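Trainee: Let's see this in three dimensions:
(one chain, ligands or ions: 1)
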Amino acid sequence: MDSSQTSPATSTPEKYSTTSVMYARVEDVPPRPPFPTDDNPSGVTVSAISSEKTKILAQDNTLICMLFAKATDVPSRPPFPNATTIQETTVTTVAKTTLDDGDNRAHSSFTALSHTVRLSFHRPSLWPNGSRIRVRFGGGTPELWARVQAYSQWWSAYANITFEFVDSGPSEVRVTFNTNDGSWSLLGTQSLQRAQDQPTMNLNITALTPPDRVRSEILHEFGHVLGAIHEHQSPLAQIPWDRPAVYAHYNALGVTNDWVDTNILNSPFPDSEIDADADTRSIMVYTYPASFTTNGSSVDWTSDLSARDTQRIAAMYPRNQYAVSSFTTNQPTETPMEWQSITFGISPQQPAPPQFAAALSEIDMSNRDDNIRVRTEVTDVQTDRYTVGVGTWGNRVFYNGGVSLLRVPAGDPNFRMGTITDAGPNSYRISFSPPFPLGVLPNVFAAFSGIDSGDNWRGALDIHNANHAYVDIQVSTWGSSNLYNTNVQWIAYPSDLPGVEVGTFTGAGGATGTYQLQNTFYNTPAVFMGFQRFDISSNQNARLRIRATAANPNRIDWAIETWSDSVIYSVVGIFLAISSGG
Ligand SMILES: [Zn+2]
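Mentor: The predicted structure follows:
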């Protein structure tokens with residue numbers, strides 16, 4: 001919006017006079033789960049904030065939080081209180097007003113600016129979609145805890161993230177209520193770099209803090225927890241700061257220029273880490289008066305998530321984003337079939353027909369006709385349903401088959417996928433459309449979705465030359481085998497994409513094993529699978545079934561199964577473990 005439309009009223013932030021400082025009202029808090037527990041009795045009291053602090057609040061409502069982008073930037077702090085020291089900590093009074101206490105943060109729109117900004121994220125600090133983030137409190141009161149629980153859910157109502165509040169044990173986020181410190185938070189997964197006895201967030205709130213400011217503080221800091229950066233520090237914000245005026249203001253509060261640079265004036269995150277879209281009113285903006293800018297623009301104060309905040313967080317942590325499913329035919333023994341298909345529903349209905357990847361996971365086929373012919377296909381993909389089939393052709397004797405399926409939303413920015421059809425032994429170059437950003441190295445999954453192989457049944461897929469623009473997939477066979485043609489399902493995604501991992505397992509028929517996931521998963525991932533190499537005896541029926549399931553967030557259990565008299569010399573299975581979301 002044009003700065004000429006700015007209301008001058010916004011240049012004078014609303015002030016909290018001493019008379020307006022009220023005890024936080026329970027009715028401001030949405031319904032909450034029972035809390036506290038026996039370990040955290042509710043009788044804890046917090047002494048009143050000092051008159052000095054109240055005075056500061058009355059003078060300056062430009063509330064500012066500390067954002068530490070790197071866990072290593074956080075100054076050494078007292079150990080995180082355990083259950084036995086919580087009581088002691090909570091009775092600490094607010095005797096003095098520190099610099100951080102005086103730093104005020106508020107947030108609002110950039111309606112005063114000619115440039116609009118949007119909820120922006122530090123991509124490397126995003127949690128895997130579907131994460132369950134455990135939160136522990138150190139200090140504070142049951143009433144404050146309840147507010148944190150309630151307001152954090154304002155985010156998780158839109159994000160596919162679950163905040164779980166725990167009283168003991170490991171946690172990803174640890175919240176203190178130290179009023180000798182400003183409000184601050186680590187950014188996203190940076191919290192994982194902090195020792196378990198160290199806080200990852202401080203909330204400078206007490207029972208005397210005005211309710212809308214409590215809400216503002218909690219929403220803002222939990223925005224950081226989810227990886228959101230300060231909107232005013234986005235490279236796109238382009239705020240015409242009057243730097244001397246800003247320095248002077250904060251110097252008067254005892255804040256160093258370095259701090260002002262880090263939290264207000266500088267854009268510490270390169271453009272490549274910013275996800276751009278338009279917003280006009282984010283919880284992640286600091287308020288500032290017109291005196292801070294050379295063009296007299298200012299930003300008003302808010303204590304709500306903007307409509308765009310909720311849209312953006314939902315886009316960054318979408319629900320039902322990825323789904324893994326399977327289809328296995330169940331013919332009676334010795335009753336061959338040619339083709340079976342089934343139509344599955346998609347719930348909830350998608351805004352556009354999604355993409356599917358399909359790979360063979362099971363074959364039970366006669367060797368009567370020398371070659372094995374099996375293929376799978378996904379057809380009739382609609383917003384609310386799709387059809388998957390598996391079978392053979394050309395009068396071959398086929399008993400049963402199984403398919404693993406991965407569903408990805410239409411236009412998903414992370415995944416490229418497709419099928420090479422009728423591919424004989426050769427090298428195939430796949431150009432990604434669109435290409436990944438320059439410098440992004442993709443991980444590539446490739447597995448058979450169709451096979452027509454003779455003599456001993458042997459086929460292999462090898463991945464070469466993967467870069468941001470293309471990958472080469474080599475289809476090959478060896479020995480006396482003929483590989484007439486194959487269909488190859490391929491998937492590519494950025495190798496640094498959180499919540500996804502590709503891996504392989506190798507063995508002969510009957511082999512089982514475990515695979516330790518290297519990436520951090522916070523929930524048990526879903527597992528899409530196929531095989532990219534097979535060497536199966538043609539002297540017996542071809543009976544092969546691969547399994548790959550996640551036992552927990554850290555481990556894949558896999559198996560290469562055969563039965564009856566079949567012989568599997570070797571198989572390379574490939575899986576894609578993925579946080580599927582809820
Ligand atoms: Zn902040």
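
Trainee: does residue 360 sit in a helix, a strand or a coil?
Mentor: Put simply, residue 360 is strand when judged by DSSP: H, G, I helix; E, B strand; the rest coil.

Trainee: Confirm for me that residue 550 is in contact with residue 523.
Mentor: No - the criterion here is Cβ atoms under 8 Å, and residue 550 misses it with residue 523 at 9.1 Å. Using the backbone N, CA and C atoms, a C-beta is placed for each residue, glycine as well.

Trainee: ok, how many other residues are close to residue 293?
Mentor: The local packing of residue 293 (other Cβ atoms under 10 Å) involves 21 other residues.

Trainee: If we ignore the residues flanking it in sequence, what's nearest it?
Mentor: Spatially, and ignoring its direct neighbours in sequence, residue 293 is nearest to residue 240 (5.2 Å; Cβ to Cβ, 6 or more residues apart in numbering).

Trainee: Can you tell me how far the one you found is from residue 288?
Mentor: Residue 240 sits 11 Å away from residue 288, going by Cβ to Cβ, to the nearest Å.

Trainee: who touches both of these two?
Mentor: Counting by Cβ atoms under 8 Å, 6 or more residues apart in numbering, no residue touches both residue 240 and residue 288.

Trainee: of those two, who's got more company?
Mentor: Taking other Cβ under 10 Å, residue 240 and residue 288 do not tie; residue 288 has more neighbours (28 against 15).

Trainee: Looking at the stretch 451-582 of the chain, which residue is nearest the ion?
Mentor: Proximity of the stretch 451-582 of the chain to the ion (Cβ to the ion) peaks at residue 498, 21.9 Å away.

Trainee: Now do the SS call for that residue.
Mentor: Secondary structure assignment for residue 498 (three-state DSSP): coil.

Trainee: mind pulling up the phi and psi values for it?
Mentor: Main-chain dihedrals, residue 498, degrees, to the nearest 10: phi -70, psi 160.

Trainee: show me the contacts for it.
Mentor: Taking Cβ under 8 Å, 6+ apart as the contact definition, residue 498 lies against 126-129, 189, 519-520, 579.

Trainee: same check, this time on residue 501
Mentor: Each residue near residue 501 by Cβ under 8 Å, 6+ apart is listed here: 517-519, 521, 525, 576-578.

Trainee: Looks to me like it is in a strand.
Mentor: Yes - the assignment for residue 501 (three-state DSSP) places it in a strand.

Trainee: what about it, distance to residue 458?
Mentor: From residue 501 to residue 458 the distance is 28 Å (Cβ to Cβ).

Trainee: One more: residue 404?
Mentor: Counting by Cβ to Cβ, the separation of residue 404 from residue 458 is 22 Å.

Trainee: Comparing those two, which residue is more hemmed in?
Mentor: Using other Cβ under 10 Å, the more surrounded residue of residue 404 and residue 458 is residue 404, with 28 against 22.

Trainee: partner residues bridging that one?
Mentor: Counting by DSSP bridges, residue 404 is bridged to residue 326, residue 359.

Trainee: domain parsing for this protein?
Mentor: As assigned by automatic domain parsing, the chain contains the domains 15-316, 323-578.

Trainee: Between the ones you listed, which has the poorest mean confidence score?
Mentor: Mean pLDDT is lowest for domain 15-316 among those, at a mean of 66.

Trainee: Point out the other helices and strands that the strand or helix carrying residue 344 packs with.
Mentor: Per DSSP states H and E, residue 344 falls inside strand 339-345. Secondary structure elements in contact with strand 339-345, counted by 3 or more Cβ pairs under 8 Å, 6 or more residues apart in numbering; DSSP states H and E, are strand 323-328, strand 385-391.

Trainee: Adjacent strands (with direction) for the longest one?
Mentor: For strand 385-391, the pairing partners within the sheet under DSSP bridges are strand 339-345 (antiparallel), strand 372-379 (antiparallel).

Trainee: where along the chain do the helices fall?
Mentor: 51-59, 86-90, 99-102, 142-156, 211-225, 243-252, 257-260, 307-316 (DSSP state H).

Trainee: which of these sits most buried?
Mentor: Among those, the stretch with the highest mean neighbour count (mean count of other Cβ atoms under 10 Å) is helix 211-225, at a mean of 25.

Trainee: That one packs against which elements?
Mentor: helix 142-156, strand 184-186, strand 201-202.

Trainee: mind redoing it with 7 Å?
Mentor: helix 142-156, strand 184-186 (3 or more Cβ pairs under 7 Å, 6 or more residues apart in numbering; DSSP states H and E).

Trainee: Now do that helix against helix 142-156, angle only.
Mentor: 50 degrees (axes from the mean of the first three to the mean of the last three Cα atoms, to 10 degrees).

Trainee: tell me the angle helix 211-225 makes with helix 307-316.
Mentor: Interaxial angle of helix 211-225 relative to helix 307-316 (the same axes, to 10 degrees): 30 degrees.

Trainee: And the strands in the stretch 401-550 of the chain?
Mentor: Secondary structure of the stretch 401-550 of the chain (DSSP state E, counting those that start in this stretch): strands at 416-423, 426-431, 442-454, 457-464, 470-476, 482-494, 500-507, 512-516, 526-536, 542-552.

Trainee: Strand partners (parallel or antiparallel) of the first one?
Mentor: In the sheet containing strand 416-423, the strands it pairs with under DSSP bridges are strand 482-494 (antiparallel).

Trainee: Could you export the strand it pairs with as PDB, CA atoms only?
Mentor: Taking C-alpha atoms only, strand 482-494 is exported to PDB below (Å, rounded to 0.1, in the frame of the first residue of the first chain):
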ATOM      1  CA  ASN A 482      17.000 -60.600 -22.300                       C
ATOM      2  CA  LEU A 483      15.300 -57.500 -21.000                       C
ATOM      3  CA  TYR A 484      12.800 -56.700 -23.700                       C
ATOM      4  CA  ASN A 485      11.400 -53.600 -22.100                       C
ATOM      5  CA  THR A 486      10.700 -52.100 -18.800                       C
ATOM      6  CA  ASN A 487       8.800 -49.200 -17.200                       C
ATOM      7  CA  VAL A 488      10.800 -47.200 -14.700                       C
ATOM      8  CA  GLN A 489       9.200 -45.100 -12.000                       C
ATOM      9  CA  TRP A 490      11.600 -42.300 -11.000                       C
ATOM     10  CA  ILE A 491      11.300 -39.600  -8.300                       C
ATOM     11  CA  ALA A 492      13.700 -36.700  -7.700                       C
ATOM     12  CA  TYR A 493      13.800 -34.300  -4.800                       C
ATOM     13  CA  PRO A 494      16.300 -31.900  -3.200                       C
END
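
Trainee: Okay, buried residues for that strand please.
Mentor: For strand 482-494, burial by neighbour count (16 or more other Cβ atoms under 10 Å) applies to 482-483, 485-494.

Trainee: would TSV of the contacts of residue 498 with neighbour count be doable?
Mentor: Below are these laid out as TSV (neighbours: other Cβ atoms under 10 Å):
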residue	neighbour count
126	21
127	26
128	23
129	25
189	22
519	18
520	15
579	26
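
Trainee: Enumerate every residue touching residue 174.
Mentor: The contact partners of residue 174, by Cβ atoms under 7 Å, 6 or more residues apart in numbering, come to 80, 136, 138, 199-200.

Trainee: Can you select the buried ones among the residues you listed for me in ChimeraX?
Mentor: The buried subset of the contacts of residue 174, as determined by 16+ other Cβ under 10 Å, is captured in ChimeraX by this line:
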select :80,136,138,199,200
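
Trainee: Report the outermost residue of this protein with respect to its centre.
Mentor: Distance from the C-alpha centroid of the chain, by Cα atoms, centre = their mean, peaks at residue 368 (49.5 Å).

Trainee: can I assume that residue is in contact with residue 399?
Mentor: No - in this structure, residue 368 is not within contact of residue 399 by Cβ atoms under 7 Å, at 11.5 Å.

Trainee: Since that was my last question, I'll sign off now.
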